[in-house]
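Trainee: got a predicted model here, sequence first, then my questions.
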Amino acid sequence: MISIAVDCMGGDHGPAVTLAACRSFLDTHPQAHLRLVGLPQALAGFAHERATVVPASEVVAMDDPVEIALRRKKDSSMRVAIQQVKQGDAQAAVSAGNTGALMAIARHLLKTLDGIDRPAIAAQIPNARGRGTTVLDLGANVDCSAEHLLQFAVMGSALVSVLTGDDNPSVGLLNIGEEVIKGSEVIKKSAELLRSASNSGDLNFYGNVEGNDIFKGTTDIVVCDGFVGNVALKASEGLASMIRDFLREEYSRSISTKLSAIVSYFVLSNFKKRLDHRLYNGAALLGLRGLVFKSHGSADAFAFEQALIRAYDAARNQLLDRVKARIDHAAPLLAAVQAPAVMASDTPITL
């Protein structure tokens, strides 16, 4: 039985979305148990034999400063959910709440793994191959050193191996061109470190990739700093939304003839599904001593359920152990290129 702690109060919609998603998830996952964390009065109407209500007296608002969430709201649903993981009562926690607060609380309570300086946010972006390209970091760290990008690549490889069953996923370094001479000094040094890691068998480095390679699916993983990653994520979401609206309009026009309507319906529906970001909802906070997943704040019930499924699959397939194993294997390399001790403190960007 896999137990997941759910921050039922987080996100733009709170229990109206999270509880519906939890019920649907439980109906399709008989080996799952949910620990529903939130205000008792908000969860009073939910009953299921594989669900336990865990009370919390406070809620972290989407616009709460990190300091408020971390220092003052010590009985928030977000904090109590992560505490379930720390105590061993749950194997993973899921929240759609404030990104900065979630990362700060998770890092404060769970701490980072040995060999990892900074946790990273990793999620999939739809690509032309019909499966997602895993990109990290997506906003936890605005400024990154070359050593941090190496750590992200190691952790991302463990995540993708769990998601796809591929023990040797390919890693691309996001750059302004494929040539090794291009990019900033940080990017050039990152490429050198990634090549060394590839030569030592710690990961499978493809080389430099450009932004369009994320959507082509050129590599399984793309690593970048959080500023660039978050821009790529938001751009992809905006593009997908624009295309879905366009396809909806085209289908409406095709209703004028039955034949064109039938043809367009199946073609456009399949295309829309491939661009549906809800299918890829659920970003992993990698590098922590526990599993925490971040749902999009505006997620509907279907999207939030996808985040629950990702957390469940990660726990069931022992993602944390795999990340640790990857880090242990790469320990000599990571130690040899230890990240600078002093780096600017970043506030995670909202997903």
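Mentor: Everything's here; your move. These numbers come from a predicted model, not from an experiment. Residues are numbered from 1 along each chain as shown.
Trainee: what ranges does the stretch 251-351 of the chain have for its helices?
Mentor: 258-274, 301-316, 319-329, 331-336 (DSSP state H, counting those that start in this stretch).
Trainee: with adjacent residues omitted, what lies nearest to D114?
Mentor: I327 (7.2 Å; Cβ to Cβ, 6 or more residues apart in numbering). Where C-beta positions appear, they are placed from N, C-alpha and C, glycine not excepted.
Trainee: what's the burial count for that neighbour?
Mentor: 20 (other Cβ atoms under 10 Å).
Trainee: and the helices in this structure?
Mentor: 15-28, 40-43, 66-67, 77-87, 99-110, 146-164, 185-199, 211-216, 226-254, 258-274, 301-316, 319-329, 331-336 (DSSP state H).
Trainee: please parse the protein into its domains.
Mentor: Split into domains by automatic domain parsing, the chain comes to 1-110, 118-279+319-351.
Trainee: which one of the ones you listed has the lowest average pLDDT?
Mentor: Lowest mean pLDDT of the domains of the chain: domain 118-279+319-351, a mean of 82.
Trainee: re the thing from before, export the helices of the chain as CSV, with columns for distance to A56.
Mentor: Converted to CSV, the helices of the chain look like this (distance: least, Cβ to Cβ, whole Å):
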stretch, distance to A56
helix 15-28, 12
helix 40-43, 9
helix 66-67, 18
helix 77-87, 4
helix 99-110, 12
helix 146-164, 29
helix 185-199, 41
helix 211-216, 37
helix 226-254, 29
helix 258-274, 36
helix 301-316, 18
helix 319-329, 24
helix 331-336, 37
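Trainee: right, and these - which one's nearest V53?
Mentor: helix 40-43 (5.1 Å; Cβ to Cβ).
Trainee: Provide the contact partners of the closest one at residue level.
Mentor: 8-9, 14-15, 19, 36, 53, 55 (Cβ atoms under 8 Å, 6 or more residues apart in numbering).
Trainee: so which bits of it are buried?
Mentor: 42-43 (16 or more other Cβ atoms under 10 Å).
Trainee: over to stretch 19-37?
Mentor: 19-23, 25-26, 29, 32-37.
Trainee: likewise stretch 76-95?
Mentor: 76-85, 90-95.
Trainee: re the thing from before, the residue nearest to D114 contacts D321, doesn't it?
Mentor: No: I327 is beyond contact range of D321, at 10.7 Å (criterion: Cβ atoms under 8 Å).
Trainee: and the closest residue to V186 other than its chain neighbours, how many neighbours?
Mentor: Leaving aside its chain neighbours, V186 sits nearest to A146 (5.3 Å; criterion: Cβ to Cβ, 6+ apart). A146 has 21 neighbouring residues, counting by other Cβ under 10 Å.
Trainee: follow-up on the earlier one: now the contacts of helix 40-43: which count as buried?
Mentor: 8-9, 14-15, 19, 36, 53.
Trainee: farthest pair in these?
Mentor: Applying Cβ to Cβ across those, the maximum distance is between G14 and V53, 14.9 Å.
Trainee: tell me who's in contact with the nearest residue to S57 once chain neighbours are set aside.
Mentor: Spatially, and ignoring its direct neighbours in sequence, S57 is nearest to D75 (4.7 Å; Cβ to Cβ, 6+ apart). D75 is in contact with 56-58, counting by Cβ under 8 Å, 6+ apart.
Trainee: separation between the most centrally placed residue in the chain and S198?
Mentor: When the chain is reduced to its mean C-alpha position, the nearest residue by Cα atoms, centre = their mean turns out to be A283, at 1.2 Å. Using Cβ to Cβ, to the nearest Å, we find A283 at a distance of 25 Å from S198.
Trainee: do F302 as well
Mentor: Distance from F302 to S198, by Cβ to Cβ: 38 Å.
Trainee: circling back: residues in a beta bridge with the closest residue to the residue nearest to the centre of the chain other than its chain neighbours, which ones?
Mentor: Of all residues not flanking A283 in the chain, A123 sits nearest, at 3.6 Å (Cβ to Cβ, 6+ apart). As for beta bridges, A123 partners with V135 under DSSP bridges.
Trainee: what's the answer for V53, then?
Mentor: Beta-bridge partners, per DSSP bridges, of V53: L36.
Trainee: surely it and A47 touch.
Mentor: No: using Cβ under 8 Å, V53 is not in contact with A47, being 9.1 Å away.
Trainee: show me the contacts for the closest residue to L291 other than its chain neighbours.
Mentor: Among residues not flanking L291 along the chain, A92 sits closest, at 3.8 Å (Cβ to Cβ, 6+ apart). Going by Cβ under 8 Å, 6+ apart, A92 touches 2, 4-5, 85, 290-293, 311-312, 314-315.
Trainee: just give me the closest of those to Y206.
Mentor: A314 (24.1 Å).
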